[in-house]
Structures are given as structure tokens and as C-alpha cells.
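my questions concern the predicted model and sequence given below.
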Amino acid sequence: MTRLPRRLRHGEEATLVEHLGELRARLIIALSALAIAFVVAYAFHGHLLDWLNRPLPDRFKRPATFSPIEPFTTSVWVSLYAAFLLALPVVLWQLWAFLAPAFEEHRQRSIAAVVAFATALGLGGVAFGYWVVLPPAIHFLTNYDSSHYTILIRARDYYKFASFVLLGVALAFEVPVFVLALVRLRILSAARLRSTWRMGVFLMTVVGVLLPGVDPVSTILSVVPLVALYLLSIGLASFLEPRWRSDASAAPLPE
């Protein structure tokens with residue numbers, strides 16, 4: 001029975017063959033997690049499709065398909081998307097476990113905290129997109145010029161659109177992580193963020209307008225949390241930057 005790959009400690013030396021063996025084992029674990037997640041997602045794909053169809057108006061609760069194979073391929077692709085999300089924590093953990101020895105112990109804890117923060121923001125973005133942005137966007141689009149069109153919703157196109165909305169909102173919610181990364185890399189400073197906060201708020205408003213919520217209500221609902229997250233990132237940068245600078249100044253110089 002193959003052992004799980006052992007996580008190396010910081011500074012621990014290993015040969016190229018050992019690194020390649022560890023990488024191979026972690027890839028197998030990640031792919032196995034994806035395969036198991038796909039089996040689980042496909043077993044419950046009916047519930048998943050019902051969940052995705054819930055924001056649709058009553059007359060579109062069962063999207064149309066236009067070829068004999070489309071119901072099968074659409075269900076497989078939706079299950080694959082769900083499987084990737086389910087397996088993502090395992091995949092990211094295997095990636096982190098492989099890269100972690102390159103960082104010092106205290107930096108490993110910091111990066112782990114950032115990853116947890118980014119995961120929470122991403123989940124919050126998906127929830128916000130599903131319950132706040134997607135329903136009014138669907139309502140607006142399915143009623144736009146309805147007197148001139150016979151509106152049908154194709155299952156494959158709808159699930160792609162819903163995935164795009166949820167992914168776009170989730171990525172937009174990662175603004176604090178992106179800002180903190182720039183501060184951590186000393187590309188930006190907390191003082192500059194504070195002095196240019198109006199420009200940042202304007203940029204967040206533009207991002208909120210560009211999100212797939214096309215009606216005024218969902219657009220406003222998208223802008224408000226983005227602005228709040230940006231202001232939160234300024235506060236976090238102001239709190240964390242002095243600590244990061246003190247840690248950097250206290251670090252021993254390389255010999």
C-alpha cells in the first residue's frame with residue numbers, strides 16, 4: 001500500500017528524485033479527489049440542476065435542450081464543474097504542501113491564514129452571486145423585449161451563464177486578498193491606499209457595474225459589498241503593514 005507523501009520541513013534537503021516522487025504522489029491524490037468528487041456530484045446532479053434552476057422564472061424551470069445527446073453532456077459538464085469545486089480544497093492543500101517547505105515556518109502560518117481568508121471570501125461571493133445577483137439578472141434578461149421574441153432558455157447556455165456570474169462575483173470578492181498581496185510585496189502602501197481611497201472606490205464601482213447583474217437593483221447590490229470590501233482591505237493593510245515591516249527588519253541577514 002502506497003504511503004501518503006510526507007511534507008518536508010523548511011530547509012530539509014531532498015534529492016530531485018524524491019521531489020519528483022512527492023509531486024507524483026500529490027498529483028495522484030488530487031486527481032483521485034477530483035474523480036471521487038465527480039462520482040458524488042453526478043450521483044446528485046439532479047439536485048444540483050434543480051438548485052441552479054431555482055433562480056429561473058416559473059415558465060423556464062426546465063431549460064430546453066436541442067439535441068439527443070445534450071441532456072447527457074450538459075449533466076456531465078455541470079457535475080464536472082461541481083466536482084472541481086468540491087475537490088478544490090484537496091487540490092490546493094496538496095499544492096500548498098508541496099510548496100510550503102520553501103517558506104519559513106512563520107510565513108507558512110501567514111500564507112495559510114491568507115488562503116483561509118480567500119476561501120471564505122470566495123464562498124461568500126458565490127452565495128452573494130446566487131441569492132442576490134443572479135435572480136434579478138435572470139428576471140431582467142428573460143423579460144427584455146419579450147413582446148418581440150419567443151424566449152427559450154437553452155440548458156447548456158444557461159448553466160454557462162450562471163457559472164460565469166457566480167465565478168465573476170467570487171473573484172470580485174477577492175479584492176481584499178489582492179490588495180493585501182500588493183501591500184505585502186511593497187508595490188502599494190497603506191498610506192497610499194488611504195490617500196487614494198476615492199479612486200479605489202471609483203474603481204470598485206466600475207467593477208460592480210461590469211459584473212453580470214444588468215438591472216439597476218442588482219448593480220447597486222453588487223457595488224455596495226465591493227466598496228465595503230475595498231475599505232476593509234485598507235483597514236487590514238493599515239493594521240498588518242507595520243507588523244510585516246517589523247518582521248522584515250528583524251529577519252537575520254543572509255550570510
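Received, thanks. All values reported here derive from a predicted model rather than from experimental measurement.

use CA for all of it now, contacts and neighbours both
OK.

how near is Ala64 to Leu134?
Per C-alpha to C-alpha, to the nearest Å, Ala64 is found 19 Å from Leu134.

out of those two, which sits in the more crowded spot?
Higher neighbour count among Ala64 and Leu134: Leu134, with 23 against 16, using other C-alpha atoms under 10 Å.

state the distance from the more buried one to Arg26.
Distance, Leu134 to Arg26, using C-alpha to C-alpha: 36 Å.

cool, and Asn143?
Separation of Asn143 from Arg26 (C-alpha to C-alpha) stands at 49 Å.

more neighbours: which of the two?
Neighbour count, other C-alpha under 10 Å: between Asn143 and Arg26, Arg26 has more, with 22 against 12.

what helix or strand is the more buried one located in?
Using DSSP states H and E, Arg26 maps to helix 16-43.

which strands and helices lie in contact with that helix?
With contacts taken as 3 or more C-alpha pairs under 8 Å, 6 or more residues apart in numbering; DSSP states H and E, helix 16-43 sits against helix 70-99.

pLDDT averaged over the helix holding Arg26 - what is it?
Throughout helix 16-43, pLDDT has a mean value of 91.

toward the C-terminus, what is the element adjacent to it?
Going down the chain from helix 16-43, the next helix or strand is helix 45-53, by DSSP H and E.

please identify the buried residues of that next one?
Buried residues in helix 45-53, counted by 16 or more other C-alpha atoms under 10 Å: His45, Leu48, Leu49, Leu52, Asn53.

looks like the fourth one contacts Tyr159 (just checking).
This means Leu52. Yes. Between Leu52 and Tyr159 there is a contact at 7.5 Å, judged by C-alpha atoms under 8 Å.

find the centremost residue of this protein, please.
With distances taken as C-alpha atoms, centre = their mean, Gly122 lies nearest the centre of the chain, 4.4 Å away.

tell me the contacts of that residue?
Ala170, Leu171, Phe173, Glu174 (C-alpha atoms under 8 Å, 6 or more residues apart in numbering).

quick check: of the buried residues of helix 45-53, which lies closest to Phe128?
For the buried residues of helix 45-53, the residue nearest Phe128 by C-alpha to C-alpha is Leu52; the value is 14.0 Å.

okay then, goodbye and thanks.
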